[in-house]
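Colleague: pasted the sequence and its predicted model underneath.
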Amino acid sequence: GAVVSQHPSWVICKSGTSVKIECRSLDFQATTMFWYRQFPKQSLMLMATSNEGSKATYEQGVEKDKFLINHASLTLSTLTVTSAHPEDSSFYICSARTGATDTQYFGPGTRLTVL
Amino acid sequence: GENVEQHPSTLSVQEGDSAVIKCTYSDSASNYFPWYKQELGKGPQLIIDIRSNVGEKKDQRIAVTLNKTAKHFSLHITETQPEDSAVYFCAASISNTGNQFYFGTGTSLTVIP
């Protein structure tokens, strides 16, 4: 149980284009989903927290107009990187939790490379 | 805000030996402490967690200890195996406050066969 999937697992795009990453909780309802960014050999950096049906809460320094987050249902959240640039290249990981526990279950991550 | 420090950053052990990773936290209100294992190119996987009302928790070869007074907690892996090689992250959070996790900086564990 508690499986979280992400799609795609990797994506290469041209500078200036937009990329959408999906995060799904497969066997539980996720009241809260989190989006992280991870640079090589570094820890996870929280980008935003989203609750189903509400606007996402962004961490300081994260541009909400560049990283659009939608949590439209209890099993799906999406992160759209708009007008991507090479510096947006990173490993993006989502996590999800139910309202009943504190545990966050992580997806497998999406490797974004912007050329 | 909460600050979590993790040591060591790298750790090499011989297969069969034990490995210990330590974390300290700053916010005494933190009451939930999970540990995650991350293999290269994959997402973190929960391996064990502990709450502040418990001093120790064990699951087969993995154990976690918590000292609330000193604000530190440790991960213990016994009888290490090559497949234990990965990066391990500790985290601290406060229940029912949005559950933001504050992660340590990670420990790269290498188990030498």
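Modeller: Everything's here; your move. Note that the structure is predicted; figures quoted are calculated from it, not measured.
Colleague: does B:I21 really touch B:T10, like I thought?
Modeller: No - using C-beta atoms under 8 Å as the test, B:I21 is too far from B:T10 to be in contact (10.6 Å). All C-beta atoms are positioned from the backbone trio N, CA, C, and that covers glycine.
Colleague: now do the shared contacts for these two.
Modeller: The overlap between the contact sets of B:I21 and B:T10 (C-beta atoms under 8 Å, 6 or more residues apart in numbering or on different chains) consists of B:T107, B:L109.
Colleague: more crowded one of those two?
Modeller: It is B:I21, of B:I21 and B:T10, that has more neighbours when counted by other C-beta atoms under 10 Å in any protein chain shown, with 23 against 10.
Colleague: can you give me the helices for chain A?
Modeller: When assigned using DSSP state H, chain A turns out to have no helices.
Colleague: which stretches of it have low pLDDT?
Modeller: Along chain A, the parts satisfying pLDDT under 70 run over A:1.
Colleague: let's see that with 90 instead.
Modeller: Filtered on pLDDT under 90, chain A yields the residue ranges A:1-2, A:31, A:41, A:51-55, A:71-72, A:98-102.
Colleague: closest point of it to chain B, which residue?
Modeller: When you check chain A against chain B by C-beta to the nearest C-beta, the closest residue turns out to be A:F106, at 4.1 Å.
Colleague: ok, now which ones touch residue 13?
Modeller: You didn't say which chain, so I picked chain A. A:C13 touches A:V19, A:A84, A:L112, A:T113, A:V114, A:L115, counting by C-beta under 8 Å, 6+ apart.
Colleague: wait, chain B
Modeller: Contact criterion C-beta under 8 Å, 6+ apart gives B:A19, B:T80, B:L109, B:T110, B:V111, B:I112 as the residues in contact with B:V13.
Colleague: try 10 Å
Modeller: The neighbourhood of B:V13, defined by C-beta atoms under 10 Å, 6 or more residues apart in numbering or on different chains, consists of B:A19, B:V20, B:I77, B:T80, B:D84, B:S85, B:L109, B:T110, B:V111, B:I112.
Colleague: helix, strand, or coil at the second one?
Modeller: Using DSSP: H, G, I helix; E, B strand; the rest coil, the secondary structure recorded for B:V20 is strand.
Colleague: surely it meets B:F73?
Modeller: No - the pair B:V20 / B:F73 is not scored as a contact, 11.3 Å apart, by C-beta atoms under 10 Å.
Colleague: which neighbours do these two share?
Modeller: B:T65.
Colleague: give me phi/psi at the one residue in chain B that gets nearest to chain A?
Modeller: Ranked by C-beta to the nearest C-beta, the top residue of chain B for proximity to chain A is B:G43, at 4.1 Å. The main-chain torsion angles of B:G43 are listed as degrees, to the nearest 10 and equal phi -80, psi 160.
Colleague: count of neighbours near it?
Modeller: Counted with other C-beta under 10 Å, the neighbours of B:G43 add up to 23.
Colleague: contact residues of chain B facing chain A?
Modeller: Taking C-beta under 10 Å from any C-beta of the partner chain, the part of chain B that reaches chain A is made up of B:4, B:6, B:9, B:31-34, B:36, B:38, B:41-46, B:49, B:51, B:87, B:89, B:91, B:93-106, B:108.
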